[in-house]
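*Asks:* using only what follows, build the 3D model:
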Amino acid sequence: MSGREEGTKVWVGNLPDDAEKEELERAFSEHGRLNNVWVARRPPGFAFVFFEDARDAQDAVDKMDNSDLFGRQIKVQISHGRRGGGDRGGDRRDFDRRGGEHIAHPLPSSSHPSTIRPPSLPLSLIPSHRLHIASLAHRIV
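*Replies:* Residues are numbered from 1 along each chain as shown. This is a model prediction of the structure:
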């Protein structure tokens, strides 16, 4: 099932390591029809709940965010991250389980900071940041 076929993806964070899919299904199905629930195991602490209808997903976010589940105050947000999680090959760095912050992805290799320079400044004029140990030949007493 692709991300589009699964519907609106909702991220659920601050889950215990042993959170059960069935319990999440029970809690979130009260807000609308679910297509899928995926619980992270490596690393644990979060899950994705896929709703058929985007309005139901938003309703779940509005009612479940900061609510108590599994004896914890859970975080619930509409997911805007890349398709991911579990065995579908996604990037697990999309979400920080401590608070649901979206984590920045590394720059593409063509945009690596070492290749970025002002267009008017030739590479040969950029100062080198090498440390020459030979110039530090002071005797420490």
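
*Asks:* only C-alpha atoms from now on, for both contacts and neighbour counts.
*Replies:* OK.

*Asks:* low pLDDT regions in this protein?
*Replies:* 1-5, 82-141 (pLDDT under 70).

*Asks:* which non-adjacent residue is nearest Ala54?
*Replies:* Excluding the flanking residues, the one nearest Ala54 by CA to CA, 6 or more residues apart in numbering is Thr8, at 5.4 Å.

*Asks:* pretty sure the one you found is touching Ala60, no?
*Replies:* No - Thr8 is beyond contact range of Ala60, at 11.2 Å (criterion: CA atoms under 8 Å).

*Asks:* wasn't Val12 part of a strand?
*Replies:* Yes - applying DSSP: H, G, I helix; E, B strand; the rest coil, one finds Val12 inside a strand.

*Asks:* and for it, the neighbour number?
*Replies:* Val12 has 25 neighbours, counted by other CA atoms under 10 Å.

*Asks:* tell me the bridge partners for it.
*Replies:* Beta bridges link Val12 to Ala47, Val76 when assigned by DSSP bridges.

*Asks:* how would you label Ala40: helix, strand or coil?
*Replies:* strand.

*Asks:* quick check: it vs Ile78, distance?
*Replies:* 17 Å (CA to CA, to the nearest Å).

*Asks:* what's the answer for Asn36, then?
*Replies:* For Asn36 relative to Ile78 (CA to CA), the value is 15 Å.

*Asks:* more crowded one of the two?
*Replies:* The neighbour comparison of Asn36 against Ile78 (other CA under 10 Å) goes to Ile78, with 19 against 16.

*Asks:* tell me which residues touch that one, please.
*Replies:* Thr8, Lys9, Val10, Trp11, Ala57, Gln58, Val61 (CA atoms under 8 Å, 6 or more residues apart in numbering).

*Asks:* tell me which of those residues fall in helices.
*Replies:* In helices, judged by DSSP state H, the following of the contacts of Ile78 are found: Ala57, Gln58, Val61.

*Asks:* so Ala57 makes contact with Gly32?
*Replies:* Yes - contact criterion CA under 8 Å: Ala57 and Gly32 qualify, at 7.5 Å.
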